[in-house]
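S.K.: here is a sequence with its predicted model. Questions after.
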There are 2 protein chains.
Amino acid sequence: MEHRIDRIKKQLHSQSYKLTPQREATVRVLLENETDHLSAEDVYLLVKEKAPEIGLATVYRTLELLSELKVVDKINFGDGVSRYDLRKEGAEHFHHHLVCIECGSVEEIEEDLLGDVEKIVEGQWGFQVKDHRLTFHGVCRVCQTQAVAASANESNS
Amino acid sequence: MEHRIDRIKKQLHSQSYKLTPQREATVRVLLENETDHLSAEDVYLLVKEKAPEIGLATVYRTLELLSELKVVDKINFGDGVSRYDLRKEGAEHFHHHLVCIECGSVEEIEEDLLGDVEKIVEGQWGFQVKDHRLTFHGVCRVCQTQAVAASANESNS
DNA sequence: CAAATTGATGATAATCATTTTCAGATAATA
DNA sequence: TATTATCTGAAAATGATTATCATCAATTTG
């Protein structure tokens, strides 16, 4: 963890930004909740526990900055809020989401699903791919079993 | 075009919704601007040309309704606005976007890039895929050639 | 070291997209 | 026709995000 903070610190310095206490606190919250797809509000409330004097605007500014530095991905699942995910190191292209249309859960998968597909896009459309966003919408395992249980109940009644 | 409006009309009726004049005007705008990724505001302004009395709230309500009926896709490119794309018939799973990080242009491609990938997701994660959203971020053909031209200029000076 | 500059912060106000409210229209049904 | 449900426009309300601004801290300059 300290290692990753150090790296982010260097990345900030290289663009003459500083890792202020507020920024560090924000990054720590992101590191401690890596799989949670936090909104700015979420991050704000969590940071406040450790650093109560921080302002919401600072959290927004920090998240925006980290997003520009490609330290976090700013993503959007269609509810009205942006969510911020710390990028896994070296996993820029293996980060996809499974959004359940029943319960709204979001599972994250790390897998190179699109290596070949990107080559096709580059070849066929001459579009130089730097990044992609892939989200599947469907029914998660839990909701599938619940649906089975529900229909079983129905036929009993 | 009339054919597609008829189909949407039937789809609405099957759920006891009506194709009111306002809704029809909205659908026509979407049909006439199929490749444009219009925001609600965009649609509103275009509809107003033909039906000046329409209200913005009605446009939002109509787009939301069409989105629930899967007639349009509500998509999000990360700027603060939702955009609405009429679904091509039978092309539910072949609709992807190439977003240029230089000029912001959005190209649409119709191609079944993910048939196999969906099977992998279903098999490996037990997630029942109903739909997906795939967006590539990178540099479009135009911006690539401009970048080449710019660096040529630089070495001349 | 003191003064001046710069960047960062917190509080608050402003903005902007979207939703909700509500009273009045419109169409469907009994 | 009376009744009911649906739909509408205008305006207000909401909620996320951004801008403003005075202050603070760190850094540079003299």
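M.R.: It's in. Residues are numbered from 1 along each chain as shown, chains lettered A, B, ... in the order given.
S.K.: around DNA strand C, which positions in chain A sit nearby?
M.R.: Within reach of DNA strand C by CB under 7 Å from any atom of the strand, chain A has these residues: A:17-18, A:20-23, A:51, A:53-58, A:61-62, A:80. Where you see a C-beta, it was placed from the backbone N, CA and C, and this is true even at glycine.
S.K.: report the two of those residues separated the most.
M.R.: Using CB to CB, the residues of chain A next to DNA strand C reach their maximum pairwise distance at A:Lys18 and A:Gly80, which is 31.9 Å.
S.K.: tally of neighbours for the closest residue to A:Leu56 other than its chain neighbours?
M.R.: Computed as CB to CB, 6 or more residues apart in numbering or on different chains, the closest residue to A:Leu56 that is not its neighbour in sequence is A:Tyr44, at 5.1 Å. Using other CB atoms under 10 Å in any protein chain shown, A:Tyr44 has 20 other residues around it.
S.K.: who's in contact with A:Tyr44?
M.R.: A:54, A:56, A:59 (CB atoms under 8 Å, 6 or more residues apart in numbering or on different chains).
S.K.: in this structure the second one contacts A:Asp42, no?
M.R.: No. Taking CB atoms under 8 Å as the definition, A:Leu56 is not a contact partner of A:Asp42, at 11.5 Å.
S.K.: between those two, which is the more surrounded one?
M.R.: Taking neighbours as other CB under 10 Å, A:Leu56 and A:Asp42 compare with A:Asp42 leading, 17 against 14.
S.K.: tell me the phi and psi of A:Ser14?
M.R.: Main-chain torsions, A:Ser14, degrees, to the nearest 10: phi -60, psi -20.
S.K.: meant to ask about A:Leu30, not that
M.R.: Note on A:Leu30: its backbone torsions stand at phi -60, psi -40 [degrees, to the nearest 10].
S.K.: A:Arg133 contacts B:Gly138, doesn't it?
M.R.: No. A:Arg133 is not in contact with B:Gly138 according to CB under 8 Å; the separation is 11.6 Å.
S.K.: partner strands of the strand ranked longest in chain A and their direction?
M.R.: Counting residues, the longest strand found in chain A (DSSP state E) is strand A:128-139. Using DSSP bridges, the strands paired with strand A:128-139 in its sheet are strand A:96-100 (parallel), strand B:128-139 (antiparallel).
S.K.: now it, how far from the centre of its chain.
M.R.: Distance of strand A:128-139 from its chain centroid, counting by CA atoms, centre = their mean, to the nearest Å, is 13 Å.
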